[in-house]
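Undergrad: sequence? don't have it. structure:
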Ligand code: ADP
């Protein structure tokens, strides 16, 4: 299996690039934000629980996220040749839990690819996305600011965690979608 984490702040382009990665490398996509929005849309208990955190741009509690990812891996592992994790892990406890989940299956994270995008560009992209995404957290200045703050305080340490394991690589995330994908692909090829 080839297991990769696509990392970066809100609005960095993880979703867009994930689609191209899945297409080329045939990996299974686990995007926790998408999974929460699906639960929300279906009105499940998990969706109701996550909603108040998501609405404010705060993180859903670790044990809830980890449980959801564990379930998703169990559902897909027999048919998967590897995973691309998108929007997860977002805290160091989530990263440690993911390592444990994978170890139990004799698997590991091959690497983390981080998209680096300046804060002004992030805000611009999120607001633009808010015009069509229907996401309330994309439409409110204070919520966008809070998501970026939460990223800096709670999520950035995850990059140090993987850097400490020699598994971290940073890519400049401004340019055309194909230019950025080209750089991501050459990093993934090194991990294979
Ligand atoms: P973005 O990265 O553009 O902010 P996501 O779709 O990845 O958007 O996430 C949307 C929201 O879902 C987050 O603001 C958070 O409330 C929740 N969420 C997603 N992934 C996680 C996670 N791994 N841990 C905690 N909360 C999460």
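TA: All right, it came through fine. Since this is a predicted model, take the numbers as computed values, not measurements.
Undergrad: now residue 20: closest residue in space, sequence neighbours ignored.
TA: In this structure, residue 20 finds its nearest non-sequential neighbour in residue 181, 4.9 Å apart by CB to CB, 6 or more residues apart in numbering. To be clear about C-beta, it is placed using only N, CA and C from the backbone, and glycine gets the same treatment.
Undergrad: residues in contact with that neighbour?
TA: Shown in contact with residue 181 (CB atoms under 8 Å, 6 or more residues apart in numbering): 17, 20-21.
Undergrad: how about the closest residue to the ligand within the chain, what does it touch?
TA: Proximity of the chain to the ligand (CB to the nearest ligand atom) peaks at residue 33, 1.9 Å away. By CB under 8 Å, 6+ apart, the residues touching residue 33 are 54, 86-87.
Undergrad: restrict those residues to contacts with the ligand.
TA: Among these, the ones lying near the ligand by CB under 6 Å from any ligand atom are 54, 87.
Undergrad: cross the contacts of residue 33 against helices and list the overlap.
TA: Residues of those located in helices (DSSP state H): residue 54.
Undergrad: what is the nearest of the contacts of residue 33 to residue 40?
TA: Comparing the contacts of residue 33 against residue 40 with CB to CB places residue 54 closest, at 7.5 Å.
Undergrad: is it true that residue 171 lies in a helix?
TA: No. Counting by DSSP: H, G, I helix; E, B strand; the rest coil, residue 171 is not found in a helix; it is strand.
Undergrad: picking that back up, which among the contacts of residue 181 end up buried?
TA: Neighbour counting by 16 or more other CB atoms under 10 Å classes 17, 21 among the contacts of residue 181 as buried.
Undergrad: how about the contacts of residue 181 in a markdown table, adding distance to the ligand?
TA: Listed next are these as a markdown table, based on distance: CB to the nearest ligand atom, whole Å:
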| residue | distance to the ligand |
| --- | --- |
| 17 | 12 |
| 20 | 17 |
| 21 | 16 |
